[in-house]
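Undergrad: here you go, sequence then predicted model.
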Amino acid sequence: MLLLAHTDTLHGTLSGPATKKLMERAYRVFRDIRYERLATISVAYLYNLRKRTGYQRHRRVWTKTRPVPLPIGERRAPVPNNRPGDLRVDSVHQGDQDGVNLLSLKS
């Protein structure tokens, strides 16, 4: 399990089939005897190993939520670039009229 955790750390936790191929290649092509048992396991068992607490203890990855680079809900005037026909669509507010949602009346 430590070798699997080390391999996943080096390669960034690839998919099961890709990780299995890496281990097969490490054993068969590069003759690394540490990968002898891992080269013969199935992909399903590889995922089972990743669920175990021994693996989780050595391979815990925390990533922060990344901000969205798109300005969602930003209010600004349209820039038509001197072209006629540019239309500004407000997709955040769906057009309630007198407290009644107009989209719910269409169905």
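TA: Noted; the coordinates are in hand.

Undergrad: low-confidence bits of the protein, can you list those?
TA: Along the chain, segments meeting pLDDT under 70 span 85-99, 101-107.

Undergrad: quick one: residue 24 from residue 67, how far?
TA: 39 Å (Cβ to Cβ, to the nearest Å). Every residue, glycine included, has its C-beta placed from N, CA and C.

Undergrad: ok, those two, which is more surrounded?
TA: residue 24 (15 against 6; other Cβ atoms under 10 Å).

Undergrad: residue 49 - how many residues pack around it?
TA: With other Cβ under 10 Å as criterion, residue 49 counts 16.

Undergrad: next: residue 39.
TA: Counted with other Cβ under 10 Å, residue 39 comes out at 17.

Undergrad: please apply the same query to residue 51.
TA: 8.

Undergrad: longest helix of the protein, counting residues only.
TA: helix 16-28 (DSSP state H).

Undergrad: neighbouring contacts of that helix?
TA: Helix 16-28 is contacted by residues 4, 7-8, 11, 13-14, 32-36, 38-39, 41-44, 46-47 when judged by Cβ atoms under 8 Å, 6 or more residues apart in numbering.

Undergrad: which of the residues you listed fall in helices?
TA: 4, 7-8, 11, 43-44, 46-47.

Undergrad: what's the most distant pair in those?
TA: 11 and 44 (19.4 Å; Cβ to Cβ).

Undergrad: report the contact partners of residue 54.
TA: 1-2 are the contacts of residue 54 under Cβ under 8 Å, 6+ apart.

Undergrad: likewise residue 61?
TA: Residue 61 is in contact with residue 13, counting by Cβ under 8 Å, 6+ apart.
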